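>>> Here is the input, now give the coordinates:
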Amino acid sequence: MLKIAITLPDAISGEVATIRRLLADGFDIVHLRKPNASIDYCRQLLGGLSVAERSRIVVHDYYSLYREFALRGVHLNRNIASLPSDYCGSRTRSCHSLEEIKEHKKKEKKEKDRKKSN
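Next up, the predicted model:
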């Protein structure tokens, strides 16, 4: 089972050290969830991590950071609703109701069927 941490939504002092400590202490993945922080803050935070550490980060709010920093993956949410067809990284999504799960499964099936027919 993977151990996954999720950051606080706001920019906080010493966050690079906190993420490093989480990864060093056995967390497999850290989700960078920063809806209340600017892309510049997130960029600076990611720039403070090593390439190996960044390969264990999943970004929630700014898709462009995935490519810019070669991150592990992207978490789909209201800020990142879909991914480009050439995307090949890790993909996660959180659902908050059974209806939401069914809706996303139906969308994923349609997308897979569309790709098969092309």
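>>> just the strands in the protein please.
4-6, 29-32, 57-59, 73-76, 90-93 (DSSP state E).
>>> So, low pLDDT: which residues of the chain?
Residues of the chain meeting the criterion pLDDT under 70: 115, 118.
>>> make it 50
For the chain, no stretch has pLDDT under 50.
>>> now what about the helix ranked longest in the chain, what contacts it?
With secondary structure taken from DSSP state H, the chain has its longest helix at helix 98-117. With Cβ atoms under 8 Å, 6 or more residues apart in numbering as the test, helix 98-117 has contacts from 85, 93, 95. In this view, the C-beta of every residue, glycine as well, is placed from N, C-alpha and C.
>>> Let's see that with 7 Å instead.
With contacts defined as Cβ atoms under 7 Å, 6 or more residues apart in numbering, helix 98-117 is touched by 93, 95.
>>> and that helix, how far out from the chain's middle?
Put simply, helix 98-117 sits 20 Å off its chain's centre (Cα atoms, centre = their mean, to the nearest Å).
>>> swap in stretch 11-21?
Remark: stretch 11-21 is offset 17 Å from the chain centroid, using Cα atoms, centre = their mean.
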